[in-house]
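A.B. asks: coordinates only, no sequence provided:
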């Protein structure tokens, strides 16, 4: 069992700021990546996520006096990743100074986890964070549904953001867990949220979101205490969902969704672009198997590597990342970096195991709900690394910080 540190009553020593900071973190978790077609915020050297988190980090840092063993282990694994990325740059054939930025984001990842864990270690912080995620995710989902409806399905179902399917799945699991815990209070609200989040993932037209939704429901069924009740409630909501989807389909609202799903199986559209990027990443790993081509080199020196392997990529897509965390790590840091990544993944799954154990043992319904919902989202974000990019993102940092806060 991982040890727990003595907690500092941050709320008393900081004028009751825990709830406010937790609410800001929930806002950040939803709106850290904005829709560039709607809102463009240009700040030198900073993105919106960093802009929102820096004041929180400055405010909270002086209060943090101790960390748990679980935190030390996860921070150690992230520093191990940083070390392997520095090694990859030392042995790289090409180098630009701005490649160091690709390493700094791992320090940022560590600091965000560190601060979020501390703020969300209290029950008040956890409650305000979850309420905030529900509110902000619901607002974005409803706004996205309006966009989708007005365009008759020709525009994706998001508005302020570029898609928030992980947050939608998180809220869906929170709603489902509240229903299964037989909470009569707000039962119609939870059912409504469950249906809306289902729909939100579908109309976002993000294929990875579809995969993650199915994976999340499968994992929830495996680990839930109420499998029979889960199936009964799930199928009743699913029936309503299918009726709604059928209405949208026959009115032509889901034509674009159908096209994108077909492209997934036929390898067309942006799926074909991903295949080219993955092929390049794999070839780079095979040609630089030990320490890779250098941290941050995949996007920065892409034209040279495409030419050297005779791989063709349309000009408008040159400069993209590998869109696959695992292949990106193999290409840029080789076997050495991949070993460090596997250590990190092992620790993440160990944290998931502790969350599931807490779910089974914890008498408090809220904490049970937070544990299983966060744990499953943390797992699907990590598994995304094999076919997209999940780990080391703002959402991943906040989820991991919340998980560690729950375990304190």
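C.D. replies: On my side now, so go ahead. Given the structure is predicted, the values throughout are model-derived calculations rather than measurements.
A.B. asks: which residues touch the closest residue to residue 386 other than its chain neighbours?
C.D. replies: Spatial nearest neighbour of residue 386, excluding adjacent residues (C-beta to C-beta, 6 or more residues apart in numbering): residue 326 at 5.3 Å. Where C-beta positions appear, they are placed from N, C-alpha and C, glycine not excepted. By C-beta atoms under 8 Å, 6 or more residues apart in numbering, the contact list for residue 326 reads 338, 341, 385-386.
A.B. asks: check which residues of the host helix or strand of residue 326 are buried.
C.D. replies: Applying DSSP states H and E as the criterion places residue 326 in helix 325-361. Within helix 325-361, the residues scored as buried using 16 or more other C-beta atoms under 10 Å are 325-338, 340-341, 343-345, 347-348, 351-352, 354-356, 358-359.
A.B. asks: now swap in stretch 158-176 and tell me
C.D. replies: By 16+ other C-beta under 10 Å, the buried positions in stretch 158-176 come out as 158-161, 163-176.
A.B. asks: same question, stretch 285-305
C.D. replies: Those would be 285, 288, 291-302, 305, for stretch 285-305 by 16+ other C-beta under 10 Å.
A.B. asks: now the helices for the stretch 151-300 of the chain?
C.D. replies: 165-180, 187-203, 207-223, 227-250, 255-266, 270-287, 297-300 (DSSP state H, counting those that start in this stretch).
A.B. asks: CSV please, covering these and showing distance to residue 90 and mean pLDDT.
C.D. replies: Below are those laid out as CSV (distance: least, C-beta to C-beta, whole Å; pLDDT from 0 to 100):
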stretch, distance to residue 90, mean pLDDT
helix 165-180, 35, 93
helix 187-203, 43, 88
helix 207-223, 34, 90
helix 227-250, 51, 72
helix 255-266, 39, 72
helix 270-287, 17, 91
helix 297-300, 12, 90
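A.B. asks: just to revisit the earlier point, which one among the contacts of residue 326 gets closest to residue 116?
C.D. replies: Nearest to residue 116 out of the contacts of residue 326 is residue 385 (C-beta to C-beta; 20.5 Å).
A.B. asks: what number of residues lie near that closest one?
C.D. replies: Residues contacting residue 385 under the criterion other C-beta atoms under 10 Å number 20.
A.B. asks: and the nearest residue to it once chain neighbours are set aside, what does it touch?
C.D. replies: Leaving out its chain neighbours, the residue that sits closest to residue 385 by C-beta to C-beta, 6+ apart is residue 325, at 3.6 Å. By C-beta under 8 Å, 6+ apart, residue 325 lies in contact with 341, 384-386, 388-392.
A.B. asks: measure residue 325 to residue 250 for me?
C.D. replies: Per C-beta to C-beta, to the nearest Å, residue 325 is found 39 Å from residue 250.
A.B. asks: ok, and what's touching stretch 32-51?
C.D. replies: Contacts for stretch 32-51 (C-beta under 8 Å, 6+ apart): 28, 31, 52, 54, 108, 158-162, 394-395.
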